[in-house]
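S.K.: sequence plus the predicted model coming up.
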Amino acid sequence: MKLGRLLGLLCAAAISLVLTSGAFAQDKVVKIGAIFPMTGNAASAGIHAKAAIEVALDIINNAHPELGALPLAKNAGLAGLGGAKVEVVFADNQGSPATGQNQALRLITEEKVVALTGAYQSGITLTVSAIAEKYGIPFLTGESVAANLTERGFKWFFRTTPIATDFVRVYSDFLADMKAQGMKTDNVALVHDNTEYGTSVANTIATGFKEKGFNIIDVAYASNATDVQSQVLQLKEKKPDVVLMISYTSDAILFAKTMQAQDYKPPLLLADDAGYSDPSFIKAVGKMSQGAFNRSAWSVGAPGSATALIAEMYKKKSGDDMDDTAGRQMQGFFVLVDAIDRAGSTDPAKIQAALKATDLKPEQLMMGYKGVKFDDKGQNILASAIIIQLQDGENYFAVWPKSNAEKAPMLPYKGW
Amino acid sequence: MSFVLVQVIVGGLLLGAVYALFSSGLTLVWGMMNIVNFAHGDFVMLGMYVAFVVFTLFGVGPAAGAPIAMLLLATLGVVVYFALIRDIMKGPMLAQILGTFGLALLLRYSVFAWFGANFLTLPQDIVGGTLVFAGLRIEASRLLAGIVALLVTLGLHLLLTRTTLGSKMLAVAEDATAAQLMGIRPDSMQAIAWAIAAGATGLAGALIATFFYIVPTVGETLGIVAFVTVSLGGFGSVPGALIAGLLIGVIESLSGYLIGAVYQDIVVYALFVSFLWFRPQGLMGKM
């Protein structure tokens, strides 16, 4: 008994020694956890997210004066923490909310990260951020858009991306403009999966659109479908004026193929980012989806501009062109690290305070937001989006609003 | 009956044929050899990648891709049998489950490491686009897969019921020791069974690749249906799997169209469970 207790004490002493020495060693490095789907059906998105964050790390940890007003680019490391370097510990959520939660727990308790970012799928961000909230660790998502994420009264949750309520405004204004150009837009079919992302975005859009006088046709399907023929036939029969696709990559590809096989072209196809922004979607079925509209906040910009330089770095890292999702992830990560830099500390409470005080101007951002400023719920109130179009089946061009447009919208939907 | 409904049913039959084709290899291994092969879906995935590589390197479609996939996968089947299955068959059931599951992960992430996580596809018109019969639209690629599913089923059925080789395989499945006393080598019979099963699976993968997307985790998406198809059809019954596959395909399509796609899985699995309640041996299985 006595020996056991002595042993226990010795162990405790040893552990605390290891822990304190660990803490000293960490002073020079700021550890941030990033949880993404590195395997599973959304792995393509997760791997692109990892590349985006690695590019951001390069920009933060090395001097990049050529990137202008972008915070953290000018000098190497974090000035606010005596030039400390940022290290990201990546974890794989495997496309499962439960795995995401376990990984968050591991990152917080084992890896001792000071903040978290992720987790691509809204349904996983939902569970992962609950762990961060419990442990009092700031969690910032740059890409998950389900509206309810910021409706939970969380104190440690922040979100830079525009969300479904913003899309209602963007989409309805865009459709009103298309109507003015002679398109019919009264009947809108919402094609969405049954995940957190699909249902919550579809619900928000349905509610908002009904208030604005649109007729809504709801076409739901189970995500990772083996077949979507019956849904495409439903669309073909009901003949909506607009088809709004709220789908991840795997299903988006299946829909494009099935629409071609069933010879179905809606007059106007509008996609809600996600699968339609995945570079592998464009490579696989872009030529069958010519004229698809999509939402984005990313624009490469003029050659030599900060965004063009970032796009170049990203292409070198990932082998693919920068897309909106990777861009929003990268932007979110910059905002998080900027807050840590301004906090001048790795104390979670101080980072949380700095995040709340965030006030970034458009010229300090790589994405086309009107700025970054969080409300009480942690939502960026200055987030915004534009409409882009896959005109030639290979490249997206900004087409709306007019002030941001590179090309005029091409109508109706061409398909293949 | 409305015209769209006919299209839905035809689509369901073609989908069902794909399920049957997908499951044929599993029926053989699971039903005959009594091994649950959790790597089955990943064998299909490998078949898909073989078809993709053959197309990328030589620019030819499934006419070359399918036989190559069949041969490569058959070889892999034999290798897997001697390297893994032969030993874990002697162990408890759990060893089989974990062994084949580990094999599944090994295959999936080897492909992942080599090809990356990007979604790939073969050109939409690689088999000849979409055929139109009196307004009915049928993808040639799916029709081809459906026809091959019928042929494979017929071939496997004849092999098992009409040939000496089939009888020997069944004898080994029934009682390996007794078969050995009759002068049959269980080892070679099992290896042949694995070669046939894996070959059929590779063939299925190469054909499915002509109309589905290709990604390392695709075996997961399609895999569950294969297990349901085999148990509904009845363990060890090759024609049973075909009928079960067609049934599931039609029920899925119809319920997806009439009730809503979110509920189609509920309908399929509710019917599946209630059916097994009355007939646990499946459609054509023996007790």
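M.R.: Done, it's in. Numbering: from 1, shown residues only, chains lettered A, B, ... in the order given.

S.K.: please count neighbours and contacts with C-alpha atoms only from this point.
M.R.: OK.

S.K.: contact partners of stretch B:76-85?
M.R.: If you take CA atoms under 8 Å, 6 or more residues apart in numbering or on different chains as the criterion, stretch B:76-85 is touched by B:Gln96, B:Gly99, B:Gln190, B:Ala191, B:Ile192, B:Trp194, B:Ala195, B:Ile196, B:Ala197, B:Ala198, B:Gly199.

S.K.: just among the residues you listed, which is most surrounded?
M.R.: Neighbour tally across these (other CA atoms under 10 Å in any protein chain shown): the maximum, 32 neighbours, falls on B:Ala198.

S.K.: secondary structure class for the nearest residue to A:Asn404 once chain neighbours are set aside?
M.R.: Nearest non-adjacent residue to A:Asn404, counting by CA to CA, 6 or more residues apart in numbering or on different chains: A:Ala398, 6.6 Å away. Of the three states, A:Ala398 takes strand under DSSP: H, G, I helix; E, B strand; the rest coil.

S.K.: follow-up on the earlier one: okay if I get the contacts of stretch B:76-85 as a markdown table plus pLDDT, secondary structure and distance to chain A?
M.R.: Below are those laid out as a markdown table (pLDDT from 0 to 100; DSSP: H, G, I helix; E, B strand; the rest coil; distance: CA to the nearest CA, whole Å):
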| residue | pLDDT | secondary structure | distance to chain A |
| --- | --- | --- | --- |
| B:Gln96 | 87 | helix | 23 |
| B:Gly99 | 93 | helix | 20 |
| B:Gln190 | 89 | helix | 32 |
| B:Ala191 | 92 | helix | 31 |
| B:Ile192 | 92 | helix | 31 |
| B:Trp194 | 92 | helix | 26 |
| B:Ala195 | 93 | helix | 27 |
| B:Ile196 | 92 | helix | 25 |
| B:Ala197 | 91 | helix | 22 |
| B:Ala198 | 93 | helix | 22 |
| B:Gly199 | 94 | helix | 23 |
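
S.K.: which bits of chain A sit near chain B?
M.R.: A:39-41, A:43-44, A:47, A:194, A:219-222, A:224-227, A:229-231, A:233-234, A:237, A:250, A:253-254, A:257, A:261-262, A:280-281, A:283-285 (CA under 8 Å from any CA of the partner chain).

S.K.: out of these, which are inside helices?
M.R.: Among these, the members found in helices (DSSP state H) are A:43-44, A:47, A:229-231, A:233-234, A:237, A:250, A:253-254, A:257, A:261, A:280-281, A:283-285.

S.K.: now stretch B:269-283: buried residues?
M.R.: Going by neighbour count (16 or more other CA atoms under 10 Å in any protein chain shown), the buried part of stretch B:269-283 is B:Phe272, B:Pro280, B:Gln281, B:Gly282, B:Leu283.

S.K.: for the second one, grab phi and psi.
M.R.: The phi and psi values for B:Pro280, taken as degrees, to the nearest 10, are phi -60, psi -20.

S.K.: against chain A, how distant is it?
M.R.: Per CA to the nearest CA, to the nearest Å, B:Pro280 is found 26 Å from chain A.

S.K.: again with the third one
M.R.: According to CA to the nearest CA, B:Gln281 stands 26 Å off from chain A.

S.K.: surely that residue is within a helix?
M.R.: No: per three-state DSSP, B:Gln281 lies outside any helix segment and is coil.

S.K.: what are the phi and psi values at it?
M.R.: phi -80, psi 0.

S.K.: let me know the pLDDT of it.
M.R.: On pLDDT, B:Gln281 comes in at 84.

S.K.: just checking, it touches B:Gly234?
M.R.: Yes: contact criterion CA atoms under 8 Å: B:Gln281 and B:Gly234 qualify, at 5.5 Å.

S.K.: and the helices in chain A?
M.R.: A:2-26, A:43-61, A:97-109, A:122-135, A:164-180, A:196-211, A:229-238, A:249-261, A:279-285, A:306-318, A:324-343, A:348-356.

S.K.: okay, and for chain B, where does confidence drop off?
M.R.: For chain B, applying pLDDT under 70 flags the ranges B:1, B:31-32, B:286-287.

S.K.: residues making contact with stretch A:388-397?
M.R.: Residues contacting stretch A:388-397 (CA under 8 Å, 6+ apart): A:282-283, A:286-296, A:398-400, A:405-407, A:409-410.

S.K.: sorry, that was for stretch A:111-122
M.R.: For stretch A:111-122, using CA under 8 Å, 6+ apart, the contacting residues are A:30-37, A:45-46, A:89, A:93, A:95, A:100, A:107-108, A:125, A:128, A:132, A:137-146, A:149, A:196-197, A:329, A:333, A:346-348.

S.K.: in it, what counts as buried?
M.R.: Neighbour-count burial for stretch A:111-122 [16+ other CA under 10 Å]: A:Lys112, A:Val113, A:Val114, A:Ala115, A:Leu116, A:Thr117, A:Gly118, A:Ala119, A:Tyr120, A:Gln121, A:Ser122.

S.K.: then stretch A:138-153?
M.R.: Under 16+ other CA under 10 Å, the buried positions of stretch A:138-153 are A:Pro138, A:Phe139, A:Leu140, A:Thr141, A:Gly142, A:Glu143, A:Ser144, A:Val145, A:Ala146, A:Ala147, A:Leu149, A:Thr150.

S.K.: per-residue pLDDT of the fourth one, please?
M.R.: In this case it means A:Thr141. 96.

S.K.: list the contacts for residue 239?
M.R.: Because you didn't say which chain, this covers chain A. A:Pro266.

S.K.: meant chain B, my bad for not saying
M.R.: Taking CA under 8 Å, 6+ apart, one finds B:Thr153, B:Leu154, B:His157, B:Gly233, B:Met284 in contact with B:Pro239.

S.K.: for chain A, see how far away the nearest residue to the second one once chain neighbours are set aside is.
M.R.: Spatially, and ignoring its direct neighbours in sequence, B:Leu154 is nearest to B:Pro239 (7.6 Å; CA to CA, 6+ apart). From B:Pro239 across to chain A, the span is 22 Å (CA to the nearest CA).

S.K.: so B:Met284 sits against B:Gly240, correct?
M.R.: Yes: between B:Met284 and B:Gly240 there is a contact under CA under 8 Å: 5.2 Å.

S.K.: are there residues contacting both of the two? Which ones?
M.R.: Joint contacts of B:Met284 and B:Gly240 (CA under 8 Å, 6+ apart) are B:Gly233, B:Gly234.

S.K.: tell me which of these two has more neighbours.
M.R.: Taking neighbours as other CA under 10 Å, B:Met284 and B:Gly240 compare with B:Gly240 leading, 24 against 20.

S.K.: how about the more buried one, secondary structure?
M.R.: helix.

S.K.: so what's it up against?
M.R.: B:Gly240 neighbours (CA under 8 Å, 6+ apart): B:Val230, B:Leu232, B:Gly233, B:Gly234, B:Leu283, B:Met284, B:Gly285.

S.K.: show me the contacts for the nearest residue to it once chain neighbours are set aside.
M.R.: Among residues not flanking B:Gly240 along the chain, B:Gly233 sits closest, at 4.0 Å (CA to CA, 6+ apart). Shown in contact with B:Gly233 (CA under 8 Å, 6+ apart): B:Pro239, B:Gly240, B:Ala241, B:Leu242, B:Ile243, B:Ala244, B:Gly245, B:Gly282, B:Leu283, B:Met284, B:Gly285.
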